[in-house]
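Chemist: Pasting a predicted model and its sequence here:
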Amino acid sequence: MRAVWLREFGGPGVLVAGEAPDPVPGPGQVLVEVAYAGITFVETQFRASGRGPFRAELPMIPGNGVGGVVAQVGPGVDAGLLGRRVVTGTGGSGGYAERVAVAADGLFAVPDGLALDEAVALLADGRTAAMLIDAAGPGPGDRVLVEAAAGGVGSLLVQLAVAAGATVVAAAGGPGKLALARELGAAEAVDYRASGWAEGTDPVDVVFDGVGGAVGRAAFGLLARGGRMVSFGLSSGEWSGIPEEEAEARGVTLLGLRPTPGAVRRATELVLAEAAAGRLRPVIGLRLPLDRAADAHAAIESRATTGKTLLALAPAAAR
């Protein structure tokens with residue numbers, strides 16, 4: 001099968017497509033014929049430096065989220081899964097490939113009426129957004145600032161916060177991304193690349209911090225007493241690093257995610273169902289073939305993408 005190999009850490013060009021052995025499903029596993037593989041910002045960081053949540057020895061096939069059709073079942077697995085459209089995680093590696101062998105109990109059925117590429121776009125980003133909303137609890141009367149509001153997680157946070165009754169202030173970089181955030185329901189949009197962007201923004205009750213660094217610290221300064229801030233990303237290259245004592249002095253609660261397997265499953269099923277019902281729209285900004293995984297990583301790192309970036313593998317994925 002075709003796959004993308006990571007043999008050394010470095011720039012996007014270290015991702016090279018080539019041949020790999022076909023995986024064979026073992027007990028409790030299924031073989032998925034992959035149509036789409038998702039790419040996350042964390043994967044670009046891992047590729048560059050080897051740092052991140054993944055633990056793998058080189059050479060390896062990167063990729064952690066895929067969607068496709070169950071083509072084979074291993075011993076002890078219900079044959080009724082054959083032919084089902086599913087999305088699933090791979091455990092941190094192996095996703096940039098035409099086929100993956102994964103645990104059957106980690107599969108999520110793709111609901112009728114939901115396109116497979118949209119389901120893959122929701123797998124990691126959607127459940128993260130849903131758990132962030134659950135943690136911060138925005139509701140009617142709240143002003144909510146969403147950083148990186150045109151990104152994979154941010155674009156979903158905008159929609160979920162609006163659905164919860166909150167007024168959303170979207171922070172993103174550039175006119176196109178600000179326009180997208182407004183289209184998704186944001187009442188206000190500010191360009192965080194502009195000097196002093198936070199000075200003209202009214203106070204907020206909740207901050208979803210997906211950028212970190214100076215942007216995250218400026219957003220923290222906008223929080224009113226009783227506000228909540230939850231950090232979920234560091235696209236700036238560093239966390240916001242807000243001291244706990246400073247937050248306490250201002251009456252602000254700093255929140256984090258400690259997801260359990262049950263919470264992850266509930267959040268994933270929720271966003272898949274919401275999207276199938278037409279109440280949640282995953283934004284897919286870029287689809288590239290498997291052989292162009294390096295270009296996909298480069299686009300993400302250059303901040304040239306909106307929403308989710310996918311690798312399209314199967315012929316059916318072109319439709």
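Modeler: Thanks, I have the structure now. Everything quoted here is computed from the prediction, not taken from an experiment. Numbering: from 1, shown residues only.
Chemist: all strands for the stretch 101-250 of the chain, in order.
Modeler: With DSSP state E, counting those that start in this stretch as the criterion, the stretch 101-250 of the chain has strands at 108-109, 143-147, 167-172, 188-191, 204-209, 223-231.
Chemist: Stretch 162-174: end-to-end distance?
Modeler: Across its full length, stretch 162-174 reaches 22 Å between end residues, using CA to CA, to the nearest Å.
Chemist: in that stretch, what's buried?
Modeler: By neighbour count on 16 or more other CB atoms under 10 Å, the buried set for stretch 162-174 is 162, 164, 166-173. Using the backbone N, CA and C atoms, a C-beta is placed for each residue, glycine as well.
Chemist: Tell me if residue 27 really is in a strand.
Modeler: No - with DSSP: H, G, I helix; E, B strand; the rest coil as the criterion, residue 27 is assigned coil and is not in a strand.
Chemist: you'd agree it is up against residue 75?
Modeler: Yes - using CB atoms under 8 Å, residue 27 is in contact with residue 75, at 4.5 Å.
Chemist: show me where pLDDT drops low in this protein?
Modeler: 314-319 (pLDDT under 70).
Chemist: Tell me which stretches of it form helices.
Modeler: For the chain, applying DSSP state H gives helices covering 41-49, 116-136, 152-163, 175-183, 213-220, 244-249, 261-276, 293-301.
Chemist: Could you list which residues are in contact with the spatially most central residue of the chain?
Modeler: The residue lying closest to the centre of the chain (CA atoms, centre = their mean) is residue 125, at 2.7 Å. Counting by CB atoms under 8 Å, 6 or more residues apart in numbering, residue 125 touches 40, 152-153, 156, 282, 308.
Chemist: How about it: what's its closest non-neighbour residue?
Modeler: Distances taken as CB to CB, 6 or more residues apart in numbering put residue 152 closest to residue 125, at 3.9 Å, once the chain neighbours are dropped.
Chemist: again, but for residue 36
Modeler: In space, residue 36 is closest to residue 120, 4.3 Å off (CB to CB, 6+ apart).
Chemist: Distance of that neighbour relative to residue 38?
Modeler: With distances taken as CB to CB, to the nearest Å, residue 120 is found 5 Å from residue 38.
Chemist: ditto for residue 74
Modeler: 24 Å.
Chemist: Neighbour count: the two, which is higher?
Modeler: The neighbour count for residue 74 versus residue 38, taken as other CB atoms under 10 Å, is higher for residue 38 (28 against 16).
Chemist: Skip the chain neighbours and tell me the closest residue to the more buried one.
Modeler: Closest residue to residue 38 apart from its sequence neighbours, by CB to CB, 6+ apart: residue 65 at 3.9 Å.
Chemist: what sits against that neighbour?
Modeler: Taking CB under 8 Å, 6+ apart as the test, what residue 65 contacts is 37-38, 40, 87-90, 95, 120, 123-124.
Chemist: can you name the two of the buried residues of stretch 162-174 that are farthest apart?
Modeler: Maximum pairwise distance in the buried residues of stretch 162-174, criterion CB to CB, is 25.1 Å, between 164 and 173.
Chemist: Give the burial count for the nearest residue to residue 214 once chain neighbours are set aside, as a bare number.
Modeler: The shortest distance from residue 214 to any non-neighbouring residue, by CB to CB, 6+ apart, is to residue 236 (7.0 Å). By other CB under 10 Å, the residues close to residue 236 number 17.
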